[in-house]
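Visitor: coordinates for the following, if possible.
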Amino acid sequence: MIPFTRVEGRAYALPLSNVDTDLIIPAEHLKTIRRSGLGGHAFEVLRATSGNVFDDPANERAPILIALDNFGCGSSREHAAWALADLGVRAVIAPSFSDIFAGNAFKNGIAAVELAHSAVEALLRSAPQHSICVDLDRQEVTSSAGDHFTFSMDRFRRECLLAGLDEIALTLTHETAIRAYEQRVGI
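Guide: Take a look at the predicted model:
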């Protein structure tokens with residue numbers, strides 16, 4: 001996993017509540033176990049509409065997505081996080097997230113940043129014209145329009161994201177102790 005310290009750039013402004021995982025990645029694309037290639041199918045239903053935010057050339061490979069309440073609700077499909085990561089998204093900003101989506105995002109190196117509804121509304125207004133910055137080290141979201149908001153995040157998740165540690169890499173930080181245990185019990 002790539003360490004997440006600071007991500008800056010354009011943001012997909014998606015002023016919708018209850019964005020479910022089926023909207024993020026339609027069910028017909030769940031047959032794969034590969035994490036790559038799903039970004040092209042992310043938000044297919046929305047992309048079918050002319051002038052959508054995802055096909056705007058100014059937003060190409062935008063590292064941030066901003067949405068409203070209850071982002072990632074619906075099924076527990078990890079493919080939603082895979083699709084966002086393949087799309088280039090490193091951070092999602094919303095007032096609230098589905099717990100399962102927030103866990104899947106974390107496991108895939110995506111910061112789920114919760115901000116007050118008023119802060120998210122301000123960022124949604126700024127995003128079409130300004131760059132957004134998510135600084136996980138400082139726990140701040142800023143924009144070139146002058147927006148400045150602080151956020152908190154679970155300490156364990158924050159430290160893992162900052163260090164670029166997924167579950168396997170985190171386990172391997174204890175490799176010496178694991179080997180010692182295996183030798184002691186004869187594995």
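
Visitor: residue 6 against residue 132, yeah?
Guide: No - taking contacts as C-beta atoms under 8 Å, residue 6 lies outside contact range of residue 132: 11.3 Å. For every residue, glycine as well, the C-beta is placed using N, CA and C.

Visitor: please say which of the two ends up with more neighbours.
Guide: residue 132 (26 against 13; other C-beta atoms under 10 Å).

Visitor: other residues contacting the lowest-mean-pLDDT helix or strand in the chain?
Guide: Lowest on mean pLDDT, DSSP states H and E among the helices and strands of the chain sits helix 167-172, with a mean of 82. Residues outside helix 167-172 that contact it (C-beta atoms under 8 Å, 6 or more residues apart in numbering): 1, 107, 160, 178.

Visitor: do the same with stretch 1-12
Guide: Stretch 1-12 is contacted from outside by 53-54, 58-59, 61-66, 89-91, 93, 108-109, 111, 123, 127, 131-137, 161-166, 169, using C-beta under 8 Å, 6+ apart.

Visitor: ends of it, what's the gap?
Guide: One end of stretch 1-12 to the other measures 23 Å (C-alpha to C-alpha, to the nearest Å).

Visitor: buried ones in that stretch?
Guide: In terms of neighbour count (16 or more other C-beta atoms under 10 Å), stretch 1-12 has its buried residues at 1, 4, 7, 8, 10, 11, 12.

Visitor: next, the contact list for the residue nearest the centre of the chain, please.
Guide: Residue closest to the average C-alpha location in the chain (C-alpha atoms, centre = their mean): residue 110, at 3.4 Å. By C-beta under 8 Å, 6+ apart, residue 110 lies in contact with 81, 84, 85, 89, 90, 91, 92.
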